[in-house]
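Student: my questions are about this predicted structure, shown below with the sequence.
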Amino acid sequence: MDELKILEQADTLARGYTAGTDNRRAFPDGKALAELLGFDEPLSNEGHPEAETLTMLDQLGSPATVASNGPNYYGYVFGACLPVAAGAERLALAWDQCASSADTSPAADAIERKAGQWVLEILGLPQESAVAFGTSATACGLSCLAAARAELLARQGWDFVQDGLMDAPEIKVVVSETAHVTIRKALQILGFGWARVIKAPVDAHGRIRPGRLPPLDASTILILQAGEVNTGEFDPFNEIMPLAKAAKAWVHIDGAFGLWARAAPALRALTDGVEAADSWTTDGHKWLNTPYDGAMAICRDADALARVMNSDAAYSSASASAQKT
Ligand SMILES: Cc1ncc(COP(=O)(O)O)c(C=O)c1O
């Protein structure tokens, strides 16, 4: 089967799936779930013919998806992706770029740079910030927190990239009692240890109480939330940010969905003060209705993020391509 034919078949199936989401229940029924057993076949040397593989995916897989891409889904903080975004994703799949630098994809590099500028403009964040596109708020939060730690260590004369963590000065982390589980995961991966992370008490709406904020200093990463996942609430940034700035703490904002309130005049006031933070994460695949997986790591000190995330190979230098463009 030639390549275009198989892509046409996939496109027909995808269009049929999308059209069907209007009338589908959100969670698959028992029959659809039972039929997933159809995937349980032994690994074979021959495999199935290409067209049969796509048909099988559609017949067994499509009915057992959660129809989050349709009008009957009201779960969590995400929903259907916009048709133009789905179309762009189809095109990006055809391009199949290694989008790590301008050397491997000038198009991806140019588009990301422009999109990054626009994101900063829309969100009213400092124009000098780096905007890195990643798979999720989880991964982007992890990147920002890695930059935060390295930078706070650098301010104490410790080179994290060269010397790692052994014998490094201690960095404290203060999070909301209601910090999202993925912040906890990022801290865990970074080696902070949940028991050692300091929890800031919250009110009945899940907002940090400024009056009960634990002590901050220049060795502290403070993580605030623009959009608490259970209540939708925002930490009182206007009250907390001056305290954090005076202490020279690094402030990271987890705005996975809620940071986009800045683009809505009626809601923007909820985020007043976040512009003074040092780093922010937000998702495309939630309130922006882009397809999975798309998120942004935004860091005021672009070099701080680059220092901790970039590394050069003999055949490809991230620093060189950054300079070139
Ligand atoms: C406040 C908050 N932070 C982080 C995340 C994690 O986002 P992602 O699924 O993109 O990793 C979520 C997801 O719902 C969230 O609501």
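Tutor: Received it, and whenever you're ready, just let me know what you need.
Student: now do the helices in the stretch 201-325 of the chain.
Tutor: Secondary structure of the stretch 201-325 of the chain, counting by DSSP state H, counting those that start in this stretch: helices at 237-247, 302-309, 318-324.
Student: same deal with the stretch 51-200 of the chain?
Tutor: Using DSSP H, counting those that start in this stretch, the helices of the stretch 51-200 of the chain run over residues 83-95, 106-123, 137-155, 160-163, 181-190.
Student: and the angle for the second one with helix 83-95?
Tutor: In other words, helix 106-123. Comparing the axes of helix 106-123 and helix 83-95 via axes from the mean of the first three to the mean of the last three C-alpha atoms, to 10 degrees yields an angle of 150 degrees.
Student: looking at helix 106-123 now, give me its mean pLDDT.
Tutor: Helix 106-123 shows an average pLDDT of 97 in the prediction.
Student: can you pull the phi/psi pair for Glu8?
Tutor: Per-residue torsions, Glu8: phi -60, psi -40 (degrees, to the nearest 10).
Student: same check, this time on Ala168
Tutor: Note on Ala168: its backbone torsions stand at phi -70, psi 150 [degrees, to the nearest 10].
Student: dump the residue contacts of it.
Tutor: Neighbour list for Ala168: 153, 158, 160 [criterion: C-beta atoms under 8 Å, 6 or more residues apart in numbering]. Heads up, the C-betas are built off the backbone N, CA and C, glycines and all.
Student: before we move on, what about His252?
Tutor: With contact set as C-beta under 8 Å, 6+ apart, His252 has these partners: 141, 144-145, 148, 221-224, 277-281.
Student: pLDDT-wise, which helix or strand of this protein ranks last?
Tutor: None of the helices or strands of the chain scores lower by mean pLDDT, DSSP states H and E than helix 318-324, at a mean of 53.
Student: tally of neighbours for Gln59?
Tutor: Per other C-beta atoms under 10 Å, the neighbour tally for Gln59 reads 12.
Student: distance of it relative to Ala186?
Tutor: When distances are taken as C-beta to C-beta, to the nearest Å, Gln59 and Ala186 turn out to be 38 Å apart.
Student: likewise Ser279?
Tutor: When distances are taken as C-beta to C-beta, Ser279 and Ala186 turn out to be 12 Å apart.
Student: what does Leu222 give?
Tutor: Using C-beta to C-beta, which is the criterion applied here, Leu222 is 14 Å from Ala186.
Student: give me the more crowded residue out of those two.
Tutor: Residue environment comparison for Leu222 versus Ala186 gives the larger neighbour count to Leu222, 29 against 26, counting by other C-beta under 10 Å.
Student: just checking, that one touches Leu243?
Tutor: No - under the criterion of C-beta atoms under 8 Å, Leu222 is not in contact with Leu243, lying 9.0 Å apart.
Student: show me whatever sits in contact with both of the two.
Tutor: Where contact means C-beta under 8 Å, 6+ apart, the residues bridging Leu222 and Leu243 through contact with each are Leu216.
Student: can you give me the strands for the stretch 201-325 of the chain?
Tutor: 220-225, 250-254, 279-283, 295-299 (DSSP state E, counting those that start in this stretch).
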